[in-house]
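>>> Prediction below, plus the sequence it came from.
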Amino acid sequence: MLLGSCFAGIAIDNCGTAIAHNVSHALAGLAPVHHGLATALGFEATLGWLVEADTPELNAAAKACGVANAAELPAFVSDWMDRCGITRSLPSAFKPFDATDLAREMRAPENQPMRRSTIRDVTDADIDRFAAAVMVLPKGI
């Protein structure tokens, strides 16, 4: 975990964060949640949309993960999360909140740098879709 955290810090220093981190920070703006879980849930919810950009960088990431191209990354990541035992749920503190609440947090001024640094333009409709995908998860399991 320490090595993974170090690599993540190096990556963030080099290129910043994007929409998955926007989701993660917005979740934390609503209720207490482990940052790693929140980011994993945000990553899984946004990766299918993100890889539609089909950039050389995404394809290089795919190859580094041992898959043929960027389009295969969402399945790879979901499988990896399954193998790691990551439960797709939110803490019980999220029971009072819904997708509208999360979308509002995702649009908050402090989360806009992560929205802007995404390789695709993130529309308000995209935010609504990502918020719905995350907030449909079970709460309090």
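Alright, I've got the coordinates.

>>> quick one: buried residues of the helix or strand bottoming out on mean pLDDT in the chain?
Every helix and strand in the chain was compared by mean pLDDT, DSSP states H and E; the lowest is helix 2-15, with a mean of 84. Along helix 2-15, not one residue counts as buried under the neighbour rule (16 or more other C-beta atoms under 10 Å). Where C-beta positions appear, they are placed from N, C-alpha and C, glycine not excepted.

>>> now swap in stretch 67-84 and tell me
Applying a neighbour-count criterion of 16+ other C-beta under 10 Å, one finds Val67, Ala70, Leu73, Pro74, Val77, Ser78, Met81 buried in stretch 67-84.

>>> Can you tell me what sits against it?
Defining contact as C-beta atoms under 8 Å, 6 or more residues apart in numbering, one finds that stretch 67-84 is touched by 40, 43-44, 47-48, 51, 53-55, 58-59, 61-62, 65-66, 88.
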